[in-house]
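Engineer: Fold the following, please.
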Amino acid sequence: MPEERKQKSASGHAINLIRRESMTATGVLDVISFDEETIIAETELGMLIIRGINLHVNRLNLENGELAITGEVSGITYEDPNGYAKGGKSLLGKLFR
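Structural biologist: Numbers count the residues shown, from 1 in each chain. Purely as a prediction, here's the structure:
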């Protein structure tokens, strides 16, 4: 199933962050979880982890691979989705260590 989603999105992955208050991303395949402090999204280039304060998902269009958020962004990290099995820890285990 993930292979089918990757083929649908041909736009490529890009991030546009404005004044750490507004962010858009393309090439988003899925949003795994989100709350006011962390948003975890699967992108064409791996797992994208966005951390901050008062984060809100304003727009999510998986058909076009678009994600738009607002809030105070304090960090953006990429994780290799295949790397989770290597360390023996799950994604959530690595996030909340």
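Engineer: per-residue confidence for the residue nearest the centre of the chain?
Structural biologist: In the chain, the C-alpha nearest the mean C-alpha coordinate belongs to residue 41, at 2.6 Å (C-alpha atoms, centre = their mean). Listed pLDDT for residue 41 reads 96.
Engineer: remind me which residues of the protein are low pLDDT?
Structural biologist: By pLDDT under 70, the low-scoring segments of the chain are 1-11, 81-97.
Engineer: Helices of that one, start to end?
Structural biologist: 2-8, 83-87, 91-95 (DSSP state H).
Engineer: for the protein, longest strand please?
Structural biologist: Longest strand in the chain, counting residues (DSSP state E): strand 46-61.
Engineer: For that one, what is the distance to the chain centroid?
Structural biologist: 6 Å (C-alpha atoms, centre = their mean, to the nearest Å).
Engineer: Quickly list what the residue nearest to the centre of the chain is bridged to.
Structural biologist: residue 31, residue 48 (DSSP bridges).
Engineer: show me the contacts for it.
Structural biologist: By C-beta atoms under 8 Å, 6 or more residues apart in numbering, the residues touching residue 41 are 25, 28-32, 47-48, 50, 67. No exception for glycine: its C-beta is placed from N, CA and C like everyone else's.
Engineer: and it, how far is that from residue 48?
Structural biologist: Separation of residue 41 from residue 48 (C-beta to C-beta, to the nearest Å): 5 Å.
Engineer: what touches both of those two?
Structural biologist: What both residue 41 and residue 48 touch, as defined by C-beta under 8 Å, 6+ apart, is the set 25, 28.
Engineer: Show me what the longest strand of the chain is packed up against.
Structural biologist: On a contact count with 3 or more C-beta pairs under 8 Å, 6 or more residues apart in numbering; DSSP states H and E, strand 46-61 meets strand 28-34, strand 38-43, strand 66-79.
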